[in-house]
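**Student:** fold the stuff below for me.
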Amino acid sequence: MRRLPALALPLVLTSVVACGGDAMPGADDVQVGDAPQSCDDGTELVVTDAGAPPRQIMAASPAVGASEAFDLRVEMGIDATIDGQSMPGPVLTMSIGLVTTVEHVDDEEIGMTYVFDHAYADDADMDETLQRLTGVSGMVRTTRTGQFIRSELDLAGIDPTLGESTGASLDDQLRDMMAPFPPTPVGVGSAWVIPELAEDEDIASCNIHTYRLESFDGEAYELAIESTFLIQPSTFDDAGMTFKVVDGLGSSTVMLTGSLDSPAYGHGTAVGETRMEMEVERYGTVHEQVLDTHIEMELTPRADGDATRPHDATPPPGPPVDPLVW
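**Tutor:** Residues are numbered from 1 along each chain as shown. This is a model prediction of the structure:
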């Protein structure tokens, strides 16, 4: 919950890293394994179905200098139940804009810079927080099949009291954002699974992500992502209270369309829900609390010269790129 503004980033940034350029042809090196059932099984990508032939390695090679802009709309609500009493919360709407530029492409890796050109919400407190993202820039590096390598943020101008936590949160989300393709050839109907142990300072979750290539004509494709979130029991203190996470479960469905000859998805939608059960102790009294979260997101590529985008303005330039960094 502390990272609400960053929840939107996976869908935004996935749109520019895991696609673009011509796919490298691959031999029929089909490799299939059993789907991992927990984070104890490791965190490596496992192809569970190679799909129908023809198969190929879906590797990106976007043009250096290619720039794209995206707008992401997020609607999110959190409802609480405390000691059996329902306390519905408001639905929060957020908008985040991102401009990306491909800076580097070689046989193995892709480097990209990005800058947030607008970020706001219809809630005054959240809007104040999101506004601080405007102008924040950075870089991300991946393999040509979309596996995350590393990221770097330029937090100049960010409130020093928020800079470190903001940077850590965004970096976590950059790691979470990737929708990597397998390094082996796949075809229509293929599926692959990635388990991920996501941890912040208070709560850990074992997330199982299942990807399926719904359609592919050699260039255009549709990718479905089904995720299950298993929130781990934990205990932590915050604001004079002790929180004991008893149980938690969530799921999400993401649908993305794109083309291997473009550095961006055409469109993306996501729907997710989580339920977390906690015991909260305050002044010696323990309360049972259940938090239900619902989130919907829609990603839209911004048309060139579109003057209807929120906070219409020329985005600030991205950070300078040192070729040695890549």
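
**Student:** please enumerate the helices of the stretch 1-150 of the chain.
**Tutor:** In the stretch 1-150 of the chain, the segments counted as helices under DSSP state H, counting those that start in this stretch are 9-17, 124-131.

**Student:** pick out the shakiest of these, pLDDT-wise.
**Tutor:** Of all those, mean pLDDT reaches its minimum on helix 9-17 (a mean of 44).

**Student:** and the strands in the stretch 101-250 of the chain?
**Tutor:** Here the stretch 101-250 of the chain has its strands, by DSSP state E, counting those that start in this stretch, at 109-121, 137-143, 148-154, 191-199, 204-216, 220-231, 234-238, 241-259.

**Student:** got a list of what the residue of the chain positioned farthest from its centre touches?
**Tutor:** When distances are taken from the C-alpha mean of the chain, G284 lies farthest, 38.8 Å away, according to Cα atoms, centre = their mean. If a contact means Cβ atoms under 8 Å, 6 or more residues apart in numbering, then G284 has no contacts. Heads up, the C-betas are built off the backbone N, CA and C, glycines and all.

**Student:** what are the phi and psi angles of it?
**Tutor:** Per-residue torsions, G284: phi 80, psi 0 (degrees, to the nearest 10).

**Student:** count the residues that sit near the residue nearest to L197 when sequence neighbours are not counted.
**Tutor:** Excluding the flanking residues, the one nearest L197 by Cβ to Cβ, 6 or more residues apart in numbering is C39, at 4.4 Å. Using other Cβ atoms under 10 Å, C39 has 18 neighbouring residues.

**Student:** same question for V271.
**Tutor:** Quick note: V271 (other Cβ under 10 Å) scores 14 neighbours.

**Student:** following the helix or strand harbouring it, which helix or strand shows up next?
**Tutor:** Assigned by DSSP states H and E, V271 belongs to strand 265-282. Using DSSP H and E, the helix or strand that directly follows strand 265-282 along the chain is strand 285-301.

**Student:** adjacent strands (with direction) for that following strand?
**Tutor:** Partner strands for strand 285-301, per DSSP bridges, with pairing direction: strand 67-82 (antiparallel), strand 265-282 (antiparallel).

**Student:** for that strand, C-alpha coordinates in PDB please.
**Tutor:** Taking Å, rounded to 0.1, in the frame of the first residue of the first chain, the C-alpha atoms of strand 285-301 are listed here in PDB:
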ATOM      1  CA  THR A 285      -6.300  -4.100  21.900                       C
ATOM      2  CA  VAL A 286      -6.200  -6.400  18.900                       C
ATOM      3  CA  HIS A 287      -8.500  -5.800  16.000                       C
ATOM      4  CA  GLU A 288      -9.200  -8.100  13.000                       C
ATOM      5  CA  GLN A 289      -8.700  -6.200   9.700                       C
ATOM      6  CA  VAL A 290      -9.300  -7.300   6.100                       C
ATOM      7  CA  LEU A 291      -8.200  -5.200   3.200                       C
ATOM      8  CA  ASP A 292      -9.700  -5.800  -0.300                       C
ATOM      9  CA  THR A 293      -8.000  -4.000  -3.100                       C
ATOM     10  CA  HIS A 294      -9.200  -3.700  -6.700                       C
ATOM     11  CA  ILE A 295      -7.300  -2.100  -9.500                       C
ATOM     12  CA  GLU A 296      -7.900  -1.600 -13.200                       C
ATOM     13  CA  MET A 297      -5.400  -0.100 -15.700                       C
ATOM     14  CA  GLU A 298      -5.400   0.900 -19.300                       C
ATOM     15  CA  LEU A 299      -2.400   1.800 -21.300                       C
ATOM     16  CA  THR A 300      -2.700   3.800 -24.500                       C
ATOM     17  CA  PRO A 301       0.100   4.900 -26.800                       C
END
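
**Student:** and the angle from it to strand 241-259?
**Tutor:** 20 degrees (axes from the mean of the first three to the mean of the last three Cα atoms, to 10 degrees).

**Student:** JSON lines for the strands paired with strand 285-301, including mean pLDDT and distance to V140?
**Tutor:** Shown next, in JSON lines, are these (pLDDT from 0 to 100; distance: least, Cβ to Cβ, whole Å):
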{"stretch": "strand 67-82", "mean pLDDT": "91", "distance to V140": "14"}
{"stretch": "strand 265-282", "mean pLDDT": "90", "distance to V140": "16"}
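
**Student:** to L45, which of those strands lies closest?
**Tutor:** L45 lies closest, by Cβ to Cβ, to one member of those: strand 265-282, at 19.8 Å.

**Student:** could you dump the strands paired with strand 285-301 to a markdown table with distance to D237?
**Tutor:** Shown next, in a markdown table, are those (distance: least, Cβ to Cβ, whole Å):
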| stretch | distance to D237 |
| --- | --- |
| strand 67-82 | 19 |
| strand 265-282 | 9 |
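
**Student:** looking at those strands, spot the one closest to A119.
**Tutor:** Distance to A119, taken as Cβ to Cβ, is lowest for strand 67-82 among these, at 9.5 Å.

**Student:** got the angle between that closest one and helix 124-131?
**Tutor:** Using the same axes, to 10 degrees: strand 67-82 against helix 124-131 is 150 degrees.

**Student:** return the distance of the strand holding V271 from the chain's centre.
**Tutor:** In terms of Cα atoms, centre = their mean, to the nearest Å, the centre of strand 265-282 is found 13 Å from the chain centre.
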